[in-house]
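*Asks:* Sequence and predicted structure, then a few things I'm wondering about:
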Amino acid sequence: MTKPGNDFPEANRVEIILVHSERADFSYEKAQADQLLNWIFLGRSYIELIRWEKILKNFKRIQTGKLLDEIAFSLKDCYVLWSASFAEKYKNDISWWTSRVWERNTMVSSIFLHLCYVKLLEKIVQDFEGEKLLVVCESSFLMSTLHRHFKQKGFHVVLSDDFYFYHCKEKFILVFRFIKNFLKGIKGLLTRWVFAKTTKRYAKNQWHGSDRNWIIIHTCIDDGCFGKDGKFYDRYFPGLYDWLENNGFGVAIIPWIYNVTMPLKNVYRWFRENEKLFLIPEDFYRISDYFWAFFQFFRRNFRVMNTQFIEDMDITMFIKEEKIRQIMEFETINFLLYYRLFRRLKKKNFQLRQLIDTFENMITEKSQIMSIKKYFPEASITGYQHALILTLLLSYQATKKEHHTGPYPDIIISCSEWTKKILVDNGFDSSRILEGPPLRYQYLFKFKEFSNVFEKQKSILIICPLALDSAVELIIKSFIALNEIVDYYDIVYLKYHPMMNHRQLLKAAKMEKLPEKWVIASGNIEEFLKKAHCVISSTTSAVLEAIVCGIPVVITGRETDLTMNPLGWLQEKEFQPVFDTCEMREIIKRNLSLSDEQRTQLKEKGKHLLDMIFKPVDDQGLKVFASICTEK
């Protein structure tokens with residue numbers, strides 16, 4: 001790794017002042033007294049950025065969204081190479097493959113984002129014309145790294161007087177959160193174990209050890225999976241269970257319970273009484289399995305202990321921060337326990353033919369892969385790449401060496417030829433990837449026959465993502481862009497995510513009421529897509545629905561976080577994120593002025609795009625799942 005140098009052309013001109021974002025006593029008057037005319041915000045939270053904009057109301061904030069996006073794309077290969085370089089050293093170490101330090105899940109881990117912040121600040125000071133630059137940071141670990149890095153470059157860097165207070169405060173809060181989460185986690189494990197035992201008597205289906213070779217599907221369970229008719233609706237593998245059973249395979253489901261509002265005891269009873277066979281992990285665990293999982297959980301923090309560099313940037317503090325944060329995630333013990341689950345199944349003479357799991361290359365998948373390779377070496381492991389691939393979600397990037405060395409599925413089934421190409425371009429071995437059906441996107445083909453109602457009333461549809469902070473940013477940027485062109489449209493429909501409370505959303509956006517002409521879009525999204533002349537959205541697959549319907553889309557980019565664009569792989573400009581509200585405004589004006597003929601052309605283009613990305617699900621496409629276990 002390259003170590004830092006100290007040659008920087010602007011070093012003696014700019015004074016960098018670092019302030020923690022939680023600092024409560026920082027005021028407009030203090031900034032004025034210190035002659036801080038320019039500032040930037042380095043943190044994920046757009047809500048916090050807005051708070052600081054109110055504090056520094058008349059000072060110029062340097063916009064960072066587009067530059068951050070460019071830097072992220074320039075650094076992502078270096079970051080992946082660094083992460084993948086440990087594959088050989090830790091190839092049989094479950095504590096490494098289930099750690100956030102390895103995972104490259106850039107929606108959760110801050111290592112890569114903070115790395116980008118360092119390079120971002122370097123780029124900004126190169127062109128900076130002032131004498132002082134205020135940098136508001138979300139993390140004391142980030143502040144410490146910036147202080148050391150830019151000192152080495154020859155800059156005059158000032159840490160706020162209360163830096164050590166906030167650094168100690170962060171550590172104290174993290175210790176408090178650890179104790180709280182640890183106790184909550186113990187309670188959760190105990191609750192699951194009790195409910196598993198007390199609901200056993202309701203079981204309709206039970207597996208019988210060696211009576212057949214089983215295919216296990218590991219899938220994520222949320223409220224949408226529990227049909228009112230008592231049927232199980234799998235969000236990730238719709239139709240696959242029934243198809244496998246109809247073709248003579250024995251199928252069992254390991255449920256990963258996530259984002260469920262139904263009382264947990266009722267959830268377990270629902271599993272027991274369902275016509276499908278659910279393998280409840282707690283039925284097999286022993287007390288020793290829990291102690292083993294605790295040991296591995298804490299052992300993760302003793303991997304990669306020495307100083308680490310990516311290019312000339314020391315990322316050691318970022319790794320330390322990530323290790324502290326992963327200790328807070330006590331629920332990840334449930335994924336470590338999967339290793340012991342398959343060990344227990346082997347002891348009970350369970351005949352495993354194949355595991356079918358989602359493939360996002362995250363810690364949720366690794367334990368079961370490592371366990372099956374050890375205890376069921378004759379079984380095949382299939383990872384189904386089920387979703388659109390987000391551009392800067394770096395878990396979808398690897399190296400061929402890591403793909404062959406680490407705990408990866410025997411075969412990855414992509415949901416289309418297009419996503420297979422993305423995986424291959426991102427470093428995965430093409431010989432271990434097969435093209436499969438788009439199980440989650442079957443519904444899109446009904447939009448090909450979608451009939452738009454081009455009413456005289458010009459309407460805009462804003463589609464919010466689930467993440468609160470991202471949704472707030474989308475709303476505020478849309479308001480700024482639309483506020484000056486009110487005469488161009490008649491109504492704005494605000495469609496919030498079905499798992500989100502719209503009052504909570506408006507409160508977070510500091511909106512006491514909706515702006516003029518804005519209304520909440522209650523009901524099915526199809527109803528509003530029929531009316532929309534333009535859609536504004538961000539990192540949600542709903543943009544693809546709008547495009548297939550022939551509706552022009554504005555994809556907004558994030559200002560201080562990574563922009564996860566599901567269509568960023570396409571080269572056309574209309575699929576690229578827009579960061580500036582003035583540019584958003586001009587695109588919206590243009591979209592609202594399209595003629596009926598232009599909209600018809602967009603509709604045909606949307607159909608063509610869908611046919612290029614996905615194929616309809618048919619019997620031939622589903623056979624790829626069964627062919628893997630048959631071949632092995």
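*Replies:* Perfect, thanks for sending it.

*Asks:* make it CA atoms for all contacts and neighbour counts henceforth
*Replies:* Will do.

*Asks:* Burial check on the closest residue to residue 98 other than its chain neighbours, number of neighbours?
*Replies:* Spatial nearest neighbour of residue 98, excluding adjacent residues (Cα to Cα, 6 or more residues apart in numbering): residue 363 at 4.6 Å. The number of residues packed near residue 363 is 21, by other Cα atoms under 10 Å.

*Asks:* residue contacts, residue 363?
*Replies:* 97-100, 103, 335 (Cα atoms under 8 Å, 6 or more residues apart in numbering).

*Asks:* what does residue 489 give?
*Replies:* 457-460, 592.

*Asks:* Backbone dihedrals for it, please?
*Replies:* phi -140, psi 160 (degrees, to the nearest 10).

*Asks:* how much space between it and residue 626?
*Replies:* 52 Å (Cα to Cα, to the nearest Å).

*Asks:* Could you do residue 439 as well?
*Replies:* The spacing between residue 439 and residue 626, counted by Cα to Cα, is 15 Å.

*Asks:* who has more neighbours, those two?
*Replies:* residue 439 (25 against 15).

*Asks:* for the more buried one, what are its contacts?
*Replies:* The neighbourhood of residue 439, defined by Cα under 8 Å, 6+ apart, consists of 236-239, 386, 415, 617.

*Asks:* Please enumerate the strands of the stretch 401-550 of the chain.
*Replies:* Using DSSP state E, counting those that start in this stretch, the strands of the stretch 401-550 of the chain run over 411-414, 433-435, 459-463, 491-495, 518-520, 534-537.

*Asks:* rewinding a little: take the contacts of residue 439 and lay them out in a markdown table including distance to residue 62.
*Replies:* Listed next are the contacts of residue 439 as a markdown table, based on distance: Cα to Cα, whole Å:
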| residue | distance to residue 62 |
| --- | --- |
| 236 | 41 |
| 237 | 45 |
| 238 | 46 |
| 239 | 50 |
| 386 | 38 |
| 415 | 40 |
| 617 | 48 |
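
*Asks:* Ranking helices and strands of the protein by mean pLDDT, which lands last?
*Replies:* Each helix and strand of the chain was given a mean pLDDT (mean pLDDT, DSSP states H and E); the minimum falls on helix 28-33 at a mean of 61.

*Asks:* which stretches of the stretch 301-450 of the chain have low pLDDT?
*Replies:* 450 (pLDDT under 70).

*Asks:* let me fix that: the stretch 151-300 of the chain
*Replies:* Within the stretch 151-300 of the chain, the segments meeting pLDDT under 70 span 162, 166, 207-211.

*Asks:* Quick test: name the residue nearest the centre of this structure.
*Replies:* Nearest to the geometric centre of the chain sits residue 107, at 4.2 Å (Cα atoms, centre = their mean).

*Asks:* Checking residue 381 next. Helix, strand or coil?
*Replies:* strand (DSSP: H, G, I helix; E, B strand; the rest coil).

*Asks:* likewise residue 253?
*Replies:* strand.

*Asks:* Name all residues that make contact with it.
*Replies:* Neighbours of residue 253 in contact, by Cα under 8 Å, 6+ apart: 216-219, 276-279.

*Asks:* ranking those by neighbours, who comes first?
*Replies:* That'd be residue 278 among the contacts of residue 253, by other Cα under 10 Å, with 24 neighbours.

*Asks:* wouldn't it be in contact with residue 256 here?
*Replies:* No: under the criterion of Cα atoms under 8 Å, residue 278 is not in contact with residue 256, lying 10.8 Å apart.

*Asks:* Format the strands of the stretch 401-550 of the chain as JSON lines; extra columns: distance to residue 65 and mean neighbour count.
*Replies:* Listed next are the strands of the stretch 401-550 of the chain as JSON lines, based on distance: least, Cα to Cα, whole Å; neighbours: other Cα atoms under 10 Å:
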{"stretch": "strand 411-414", "distance to residue 65": "31", "mean neighbour count": "24"}
{"stretch": "strand 433-435", "distance to residue 65": "34", "mean neighbour count": "20"}
{"stretch": "strand 459-463", "distance to residue 65": "20", "mean neighbour count": "25"}
{"stretch": "strand 491-495", "distance to residue 65": "24", "mean neighbour count": "20"}
{"stretch": "strand 518-520", "distance to residue 65": "26", "mean neighbour count": "15"}
{"stretch": "strand 534-537", "distance to residue 65": "16", "mean neighbour count": "25"}
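
*Asks:* will you turn these into JSON lines that also has distance to residue 512?
*Replies:* Formatted as JSON lines, the strands of the stretch 401-550 of the chain follow (distance: least, Cα to Cα, whole Å):
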{"stretch": "strand 411-414", "distance to residue 512": "45"}
{"stretch": "strand 433-435", "distance to residue 512": "49"}
{"stretch": "strand 459-463", "distance to residue 512": "18"}
{"stretch": "strand 491-495", "distance to residue 512": "15"}
{"stretch": "strand 518-520", "distance to residue 512": "13"}
{"stretch": "strand 534-537", "distance to residue 512": "22"}
